[in-house]
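K.L.:
just a sequence and a predicted model for now, questions to come.
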Amino acid sequence: MIEREIDLTTPSGQMNTFVTHPDEGGPFPAVLFYMDAPGKREELHDMARRIATAGYFVALPNLYYRDQREFRMKPGQEGMEEMFGLMRTLRNGMVVEDTQVLLDFVDGEEAAKPGPVGAVGYCMSGPFVFAAAAAYPERFAATASVYGAGLLTDRDDSPHLAADKIQGEIYFACAEIDEYAPKEQIDALEKHMAGLDVKCRIEWYPGVHHGFAFPKRGEIYNKPAAETHWSRLHDLFARNLKGSA
């Protein structure tokens, strides 16, 4: 495997990004990996590697680069407050702008296959990938939101408002026990998406909490559910980026 840390120049600064892909057999379809609220870290690097080993060129940016290059969440309430403060600095439009830089980057990489790309976003990045799929419909063939929060809100930039523009397949993995994405919000999203001509699947993961796919989340981590989510991701990407399930 090949991996490296690079800086991508955006209109707002230098976006440090982790990149990984197999060392032979390319070029590979690109997958953009959008971090959750605790930030870009080794746990997510390992998850990016798991995607890459299946034959993908994976880029994982630090979305907090405008404020912090290396965010490391402190324990306790202080850490939570800092994390939520950083999270509130981001808006869908900002990440959509960053996404154009990521697309330009993969387009210039020999190891990345030209054409459609995939995306996966966790937690706070659920709405970011949702918005990106609508903003760049000709590029995103496969998009996954995993326990995404804020997928349908009353804000004027709620990503569901542009969902009709999505041309690729989109998948939502939802935890049954999730204070950040309550059932009524997901039910409303499901109703909204059902009225659109978009290839979409919303799947409930019963009995699990927000964050169930992260191995370092202690008792919240649920290995069977996490492995199911990996199966769904690999099938989604293979079906849409490699032409087979």
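P.N.:
The structure has been received and is ready for your questions.
K.L.:
who does the residue most central in space within the chain form a beta bridge with?
P.N.:
When C-alpha atoms, centre = their mean is applied to the chain, the residue found nearest the centroid is Gly121 (1.5 Å). Beta-bridge pairing of Gly121 under DSSP bridges involves Tyr34, Ser145.
K.L.:
gap between it and Asp98?
P.N.:
12 Å (C-beta to C-beta, to the nearest Å). Backbone N, C-alpha and C define where each C-beta goes, glycine included.
K.L.:
that older thread, contacting residues around the residue nearest to the centre of the chain?
P.N.:
Contacts for Gly121 (C-beta atoms under 8 Å, 6 or more residues apart in numbering) come out as Phe33, Tyr34, Pro127, Phe128, Val129, Phe130, Ala144, Ser145, Val146, Gly148.
K.L.:
just the buried subset of those, please.
P.N.:
For the contacts of Gly121, a neighbour count by 16 or more other C-beta atoms under 10 Å gives the buried set as Phe33, Tyr34, Pro127, Phe128, Val129, Phe130, Ala144, Ser145, Val146, Gly148.
K.L.:
in the helix or strand of the chain with the lowest mean pLDDT, what's buried?
P.N.:
Across the helices and strands of the chain, the lowest-confidence element by mean pLDDT, DSSP states H and E is helix 76-87, at a mean of 84. Using 16+ other C-beta under 10 Å as the burial criterion, the residues of helix 76-87 that qualify are Met83, Leu86, Met87.
K.L.:
which ones are touching the first one?
P.N.:
The neighbourhood of Met83, defined by C-beta under 8 Å, 6+ apart, consists of Ala37, Pro38, Gly39, Phe71, Met73.
K.L.:
so which helix or strand takes in the second one?
P.N.:
Spelled out, it's Pro38. Pro38 belongs to no helix or strand when elements are defined using DSSP states H and E.
K.L.:
in stretch 236-245, which residues are buried?
P.N.:
Counting neighbours by 16+ other C-beta under 10 Å, one finds that the buried residues in stretch 236-245 are Leu236, Phe237, Ala238, Asn240, Leu241.
K.L.:
residue contacts, Ala142?
P.N.:
So Ala142 contacts Pro116, Gly118, Ala119, Gly168, Glu169, Ile170, Tyr171, Leu236, Phe237, Arg239, Asn240, Leu241 (C-beta under 8 Å, 6+ apart).
K.L.:
residue boundaries of the strands in this protein?
P.N.:
Using DSSP state E, the strands of the chain run over residues 2-10, 13-21, 30-34, 57-61, 117-122, 140-146, 169-177, 200-209.
K.L.:
dump those into TSV; add distance to Asp187 and mean pLDDT as well.
P.N.:
As requested, the strands of the chain are arranged in TSV below (distance: least, C-beta to C-beta, whole Å; pLDDT from 0 to 100):
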stretch	distance to Asp187	mean pLDDT
strand 2-10	36	97
strand 13-21	35	98
strand 30-34	24	98
strand 57-61	31	98
strand 117-122	21	98
strand 140-146	15	98
strand 169-177	10	97
strand 200-209	9	97
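K.L.:
could the ones you listed be laid out in a markdown table, adding distance to Asp154?
P.N.:
Formatted as a markdown table, the entries for those read as follows, by distance: least, C-beta to C-beta, whole Å:
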| stretch | distance to Asp154 |
| --- | --- |
| strand 2-10 | 29 |
| strand 13-21 | 30 |
| strand 30-34 | 23 |
| strand 57-61 | 28 |
| strand 117-122 | 21 |
| strand 140-146 | 19 |
| strand 169-177 | 19 |
| strand 200-209 | 20 |
